[in-house]
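[1] coords below, sequence missing:
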């Protein structure tokens, strides 16, 4: 089991470019590589992917701003008989 996560400010255009690149990778037959901070993570999705999409707004009485978000998640299952087989393939940019 493993997890990597990053959070950074980007412009709408930068996010759109990143998502287009991800979409192009998903449309191909090679593994998908994501840049997460100083790390690159490779995945090899199966053809059957569960696509979860959520939009939400969070505001409370007295707040002067509402937090709004769009979240999506792609989920698939791979055969694995050990933690090593089920783990993430991570390459660090800071070697």
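    Perfect, I can see it now. It should be emphasised that the depicted structure is a prediction, and the values quoted were computed from it without experimental measurement. Numbering: from 1, shown residues only.
[2] give me the nearest residue to residue 31, chain neighbours excluded.
    Leaving out its chain neighbours, the residue that sits closest to residue 31 by CB to CB, 6 or more residues apart in numbering is residue 44, at 4.3 Å. Using the backbone N, CA and C atoms, a C-beta is placed for each residue, glycine as well.
[3] hmm, residue 74 is touching residue 53, no?
    No: taking contacts as CB atoms under 8 Å, residue 74 lies outside contact range of residue 53: 10.2 Å.
[4] C-terminal to the helix or strand harbouring residue 13, what's the next element?
    According to DSSP states H and E, residue 13 maps onto helix 12-27. Helices and strands here follow DSSP H and E; after helix 12-27, the next one along the chain is strand 32-36.
[5] list the buried residues of that next one.
    Neighbour-count burial for strand 32-36 flags residue 32 (criterion: 16 or more other CB atoms under 10 Å).
[6] could you do stretch 15-27 as well?
    Judged by neighbour count (16+ other CB under 10 Å), stretch 15-27 contains no buried residues.
[7] any idea how far that stretch is from the chain center?
    11 Å (CA atoms, centre = their mean, to the nearest Å).
[8] OK, contacts around residue 58?
    66-69 (CB atoms under 8 Å, 6 or more residues apart in numbering).
[9] got any ranges where this protein has weak pLDDT?
    Residues of the chain meeting the criterion pLDDT under 70: 1-2, 94-95.
[10] how close does the residue nearest to residue 31 sit to residue 85?
    Distance, residue 44 to residue 85, by CB to CB, to the nearest Å: 12 Å.
[11] with residue 32 instead?
    18 Å.
[12] rewinding a little: residue 74 and residue 53: which is more packed in?
    Ranked by neighbour count (other CB atoms under 10 Å), residue 74 and residue 53 place residue 74 first, with 13 against 8.
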